[in-house]
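In: Compute the structure for the input listed below.
(2 chains)
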Number of protein chains: 2
Amino acid sequence: METTSYIALVHYPVKNKTGDTIVSAVTNLDLHDMARLACTYQLAGFYVITPLEEQQEFVRELVAHWREGSGGVLNPWRKMAFELIRIAPDLETVRRQIATRHQAAPAVYATTAAAMPGQISWKTARQKIKEKNTLFLFGTAYGFCPELLEKTDGILRPIMADNEYNHLSVRSAVSITLDRLLGDDNKGD
Amino acid sequence: METTSYIALVHYPVKNKTGDTIVSAVTNLDLHDMARLACTYQLAGFYVITPLEEQQEFVRELVAHWREGSGGVLNPWRKMAFELIRIAPDLETVRRQIATRHQAAPAVYATTAAAMPGQISWKTARQKIKEKNTLFLFGTAYGFCPELLEKTDGILRPIMADNEYNHLSVRSAVSITLDRLLGDDNKGD
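Out: Sure, this is the predicted structure:
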C-alpha cells in the first residue's frame, strides 16, 4: 500500500569541500538507485531538487527515456520506479506540491552524517510517518547549508553515530534510512 | 570495535537475463560504496570475487590508487575504506583465508531478492554473528547460480519480501543488509 512519505535529493543549497555554497551536479546513478528504493518502500514520490534549468532538462530526458522511451520497454520494472520521480527548483515548491496533493503540509526532516544537539530519533520519525505525510531530505556534495536546515521541522540522527567513520554514499544513506523508517525487519523468526 | 564479519561481491557464477551462467564485470562504484559500508559497519574485510585475471588486475589498480596513490592523499577516509578490500578468484579461497585468519571456518550466507523455502531470518543471522565469524555473499547481474547457493550454510530472507517490487541495486541491498545485521537503530529515544 502506498505511503504518504516522500524523499528529495537536494542539489542546492549544499556545501563543497571548503564549505562554500554550491549547486551540485545531478548523478544518473543516484536517480536510478533512489527511484528503485522509492518503489520498494512504496513512497508517494521522489523529488530531484535543482534550480538549474539545464540540470532539470537532463533529469526530464532521463525520466522520459525510462517512462516513455526504449528503456521502459526493455525494463518495465525500471519504468515503474521512474514513474515516482518529480523535478522541482527548490524546497518551497516541493512542500507546496505535497501540501496541495494531500491537503496538508508535510513534516520535513533533513538527514545528515553529523551529530548535532536536538536531532530526531528513528523511533520518533517512524511515529511521525504514521501520523502525517512526511518529506525526508538528502544532501549531495558535502551536505546541506544551514539556511536549508533552518527551513525543516527537524534533523534525523546520523546512521552509526558512535562510529568514527561516517562516510556513506548518499545511495547507502537513503537505503538505510528508508529501511529503518519503513522496512519489514520486524517479524522475528 | 572490529567485527569478525565479512562481505563478498560475487561476479561468478551468476546468471544473465536469460538464465545463462556468466562472469559479470566489476563496477567501480560498487567497490566504493561497499568499501565505505564495510568501514562504517566495522567489518573484518570485503572480498571482490572474480576468476578473471584481468578483472582482478583492474581491482588491484583501483585499490592501489586509493591505498598508496594520489586518491588516498586527497581523501584519507576513502583510503581507510579501501584498506578492507581483498581480491579472490572463488568462494573456496575466501573461505580458506577467513578460516586461516580466525582459526575457524566462517558461516557463509547468501543474499537474494527471491523468496525461497527455508530462508534464514534476520534475527537468526544477527544471532549467528554473535556466535562466530560470518561471510555474507552478494550477487551481481541476475543473481547467483544454484551451484553457488549449494555451497553456503543458508540463504537470508529477502528485503521487503511481501512487496511486489523487489528490484534494489546491489549497493542498496548491501547497505540495508549490513544495517539490519549490525546497525545501531536500537536505542529508542
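In: other SSEs contacting the helix ranked longest in chain A?
Out: The helix that spans the most residues within chain A, counting by DSSP state H, is helix A:53-67. For helix A:53-67, the packing partners by 3 or more CB pairs under 8 Å, 6 or more residues apart in numbering or on different chains; DSSP states H and E come out as helix A:28-40, helix A:70-74, helix A:76-82, strand A:85-88. Placement of C-beta: from N, CA and C, glycine included.
In: So what touches it?
Out: A:11, A:23, A:25-26, A:28, A:31, A:48, A:50, A:71-72, A:75, A:78-79, A:81-83, A:85, A:87, A:89 (CB atoms under 8 Å, 6 or more residues apart in numbering or on different chains).
In: can you tell me if the helix-or-strand element of chain A with minimal mean pLDDT touches chain B.
Out: Sorting the helices and strands of chain A by mean pLDDT, DSSP states H and E puts helix A:70-74 at the bottom, at a mean of 92. No - shown here: helix A:70-74 not in contact with chain B (CB under 8 Å from any CB of the partner chain), separated by at least 9.6 Å.
In: now the helices for chain A?
Out: Remark: helices assigned in chain A by DSSP H are A:28-40, A:53-67, A:70-74, A:76-82, A:91-102, A:122-131, A:146-149, A:170-182.
In: Which positions in chain A make contact with chain B?
Out: Residues of chain A lying near chain B (CB under 8 Å from any CB): A:29, A:32-33, A:36-37, A:39-42, A:77-78, A:80-81, A:121-124, A:159-163, A:165-169, A:171-172, A:174-176, A:179-180, A:183-185, A:187-189.
In: Just the buried residues of these.
Out: A:32-33, A:36-37, A:39-42, A:78, A:80-81, A:122, A:124, A:159-160, A:166-169, A:171-172, A:174-176, A:179-180, A:183, A:185 (16 or more other CB atoms under 10 Å in any protein chain shown).
In: Any regions of chain A where pLDDT drops low?
Out: A:1, A:186-189 (pLDDT under 70).
In: mind redoing it with 80?
Out: Low-confidence segments of chain A (pLDDT under 80): A:1, A:185-189.
In: Switch the helices and strands packed on helix A:53-67 over to CSV; also include distance to A:Thr111.
Out: Converted to CSV, those look like this (distance: least, CB to CB, whole Å):
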stretch, distance to A:Thr111
helix A:28-40, 13
helix A:70-74, 29
helix A:76-82, 21
strand A:85-88, 18
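In: Start and end of stretch A:17-26, how far apart?
Out: 17 Å (CA to CA, to the nearest Å).
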